[in-house]
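In: quick one: sequence and predicted model below, then my questions.
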Amino acid sequence: MTVPQFPRDFLFGTATSAYQIEGGWNVDGRRPSIWDTYTHASPRRDTGDMACNTYHDFQTDINLMSVLGLNSYRFSVAWPRVLPEGRGQVNAKGLDYYDRLVDALLVKNIRPFVTLFHWDMPQALQDAFGGFAGRETASYFADYAEVVVRRLGDRVKDWITLNEPWEHAALGHLLGEHAPAHHNPWTYLKVAHHQLLGHGLAVERIRAACPDARVGITLSLTPILPKTDSPQDVAAAKVADQFFNTFYLDGIYKGQYPDPFWSQVRWLHPHIGADDMQVISRPLDFLGVNFYSREYARAVWWMPFLRFWVDGDLSASGEKVVNGMPFTASGREVYPQGLYDLLMYLKREYNNPFLYLTENGAAFTDHLDGERVHDEKRVAYLQGYMDAAAHAVRDGANLHGYFIWSLTDNFEWSLGYGTRFGIVYVDYVTQRRYVKDSGLWVKEMICGQTG
Ligand code: GCO
């Protein structure tokens, strides 16, 4: 094992989200999110009703983080647990839960990073305004952010407003693969813009409620390459890259949406308020990057407005080798060089922002062997991506932490519990945890830091 070396104050953490691990979906005043509604709508879908049961027992996992030597933990607050109707009356028991969770982390010297929105939109706001499709919800999100920060801000200093606005907007409102499973390009762009507006409004409220807070956003960044070097595919890849990535990066860091994408979708534009882009581009303390894989785009005549197509996740080819590239069980390419290239791209194109890798990890088919899980593919995966991250830091990337997705196996959205991402295995019947070989590797890697 070669131990990738990072600076002395580098953060090693894991990332999770409320709906994927908490369970307790209808306990102590929590009201449904759109994901409760979506998963309950079909008996064929796994649900987050129990998940990893951390609403009733977070201490087991915090103890494991401590044993593995992890010094930080990224989790999300469930909006409908704190504000059951999404606005108005605060649920004291909901806030109390996160209060206890934060205190338990701090006792173990684990630095909490709190994501305020990880897709679990309160159903009440979906019903009233269409969630972020309604401009009003941007303001209600800022109200919610202030409620949480006022309660936890004396101990939590690292705040992430949104997780992956592209996924919530595109998968939930254009492609229909996530809750609320809509297919409407007008709605997609409203949700995309209003999420960023909510982000900008929340940044202001967080800073007012907690002056020493550090505030950022987490974007999934998926580098898009042309399928061929034809001029048509090259042009298509540029529009696709703007659709996936620079719509959010440029909105936040440049206060404008990128062309030609923005011009090509002009018939779909939501109302943009006079001050919206100024609010959206308020300065941040850090950018959270979720990196999993690249995609390839090609020009197609039949895609309205966008004129490109991305072959997308090859989940059908899980854990196989396609064109010489290995893929994970959730159909993502294993290509550590892509992480290095992305970090160098951000350094070059966005003035070397202060970065955390807020998610990177892989699903592989894991089998319990007694008390062990010999997940050698995940060990190799983490070795490769950690090496790439350390290389990027040596070459000047402003990277200050790496959050593995995920601590434990958990609910993987449309893939349910069939894919396992954890460095800790979960037996969902007994809720017992088993540290995988990859978890032991992480512990050894952290112990081997000499910075
Ligand atoms: C995402 C989400 C996580 C996923 C993880 C594995 O990036 O899609 O933030 O909730 O579970 O990435 O796919």
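Out: All right, it came through fine. Here the structure is a predicted model, which means the values were calculated and not measured.

In: excluding its backbone neighbours, what's nearest the spatially most central residue of the chain?
Out: Among the residues of the chain, the one closest to the centroid is Asn163, at 4.4 Å (Cα atoms, centre = their mean). Leaving aside its sequence neighbours, Asn163 sits nearest to His118 (Cβ to Cβ, 6 or more residues apart in numbering; 4.2 Å). Where you see a C-beta, it was placed from the backbone N, CA and C, and this is true even at glycine.

In: quick check: that neighbour vs Ala142, distance?
Out: Per Cβ to Cβ, to the nearest Å, His118 is found 17 Å from Ala142.

In: neighbour count winner among these two?
Out: His118 (25 against 22; other Cβ atoms under 10 Å).

In: that one contacts Ile21, correct?
Out: No. Using Cβ atoms under 8 Å, His118 makes no contact with Ile21, being 10.5 Å away.

In: now the chain, which segments are flagged as low pLDDT?
Out: 312-318 (pLDDT under 70).

In: what's the following helix or strand after the longest helix along it?
Out: Ranked by residue count under DSSP state H, the longest helix found in the chain is helix 185-209. Downstream of helix 185-209, the first helix or strand assigned by DSSP states H and E is strand 214-220.

In: any residue of that next one up close to the ligand?
Out: Yes. Strand 214-220 lies within reach of the ligand by Cβ under 6 Å from any ligand atom, at Ser220.

In: quick one: contacts for the closest residue to Ser17 other than its chain neighbours?
Out: Of all residues not flanking Ser17 in the chain, His118 sits nearest, at 3.8 Å (Cβ to Cβ, 6+ apart). Residues near His118 by Cβ atoms under 8 Å, 6 or more residues apart in numbering: 17-20, 76, 163.

In: also Ile217?
Out: By Cβ under 8 Å, 6+ apart, Ile217 lies in contact with 160-162, 165, 199, 252, 284, 287-288.

In: pick out the most distant pair among these.
Out: Using Cβ to Cβ, the contacts of Ile217 span at most 13.9 Å, a distance reached by Pro165 and Leu284.

In: neighbour count: these two, which is higher?
Out: Shown here are Pro165 and Leu284; by other Cβ under 10 Å, Pro165 has more neighbours (28 against 19).

In: quick one: Gly23 and the ligand, what's the gap?
Out: Per Cβ to the nearest ligand atom, to the nearest Å, Gly23 is found 16 Å from the ligand.

In: wait, a strand at that residue?
Out: No. Counting by DSSP: H, G, I helix; E, B strand; the rest coil, Gly23 is not part of a strand but coil.

In: buried ones in stretch 89-96?
Out: Within stretch 89-96, the residues scored as buried using 16 or more other Cβ atoms under 10 Å are 90-91, 94-95.

In: same list, the residues you listed, but as a markdown table with distance to the ligand and secondary structure please.
Out: Shown next, in a markdown table, are the buried residues of stretch 89-96 (distance: Cβ to the nearest ligand atom, whole Å; DSSP: H, G, I helix; E, B strand; the rest coil):
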| residue | distance to the ligand | secondary structure |
| --- | --- | --- |
| Val90 | 26 | coil |
| Asn91 | 23 | coil |
| Gly94 | 20 | helix |
| Leu95 | 23 | helix |
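
In: so what's Tyr350 up against?
Out: Counting by Cβ under 8 Å, 6+ apart, Tyr350 makes contact with 249, 253, 287.

In: burial measure for the second one, as a count.
Out: In this case it means Tyr253. Neighbours of Tyr253 under the rule other Cβ under 10 Å: 19.

In: list the contacts of it.
Out: The contact partners of Tyr253, taken as Cβ under 8 Å, 6+ apart, are 281, 350-351, 353.

In: switch to 10 Å and redo it
Out: 246, 280-281, 283-284, 287, 346, 349-351, 353 (Cβ atoms under 10 Å, 6 or more residues apart in numbering).

In: now these as a markdown table including secondary structure and distance to Val310?
Out: A markdown table is the format used below for the contacts of Tyr253 (DSSP: H, G, I helix; E, B strand; the rest coil; distance: Cβ to Cβ, whole Å):
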| residue | secondary structure | distance to Val310 |
| --- | --- | --- |
| Thr246 | helix | 15 |
| Ile280 | helix | 25 |
| Ser281 | coil | 27 |
| Pro283 | coil | 32 |
| Leu284 | coil | 28 |
| Leu287 | strand | 23 |
| Leu346 | helix | 21 |
| Glu349 | helix | 21 |
| Tyr350 | coil | 23 |
| Asn351 | coil | 28 |
| Pro353 | coil | 26 |
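
In: tell me, which of those residues make contact with the ligand?
Out: When Cβ under 6 Å from any ligand atom is applied, no member of these is adjacent to the ligand.

In: PyMOL command for the buried members of those?
Out: Here is the PyMOL selection string for the buried members of those, based on 16+ other Cβ under 10 Å:
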select buried, resi 246+280+281+284+287+346+350+353
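
In: now distance to Val265 too, for the contacts of Tyr253, in CSV please.
Out: As requested, these are exported to CSV (distance: Cβ to Cβ, whole Å):
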residue, distance to Val265
Thr246, 14
Ile280, 17
Ser281, 20
Pro283, 27
Leu284, 25
Leu287, 24
Leu346, 25
Glu349, 22
Tyr350, 23
Asn351, 27
Pro353, 26
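
In: returning to that earlier point: between His118 and Ile21, which contacts overlap?
Out: Counting by Cβ under 10 Å, 6+ apart, the common neighbours of His118 and Ile21 are 75-76.

In: got the phi/psi numbers for Thr419?
Out: Here is the backbone geometry of Thr419 (degrees, to the nearest 10): phi -110, psi 140.
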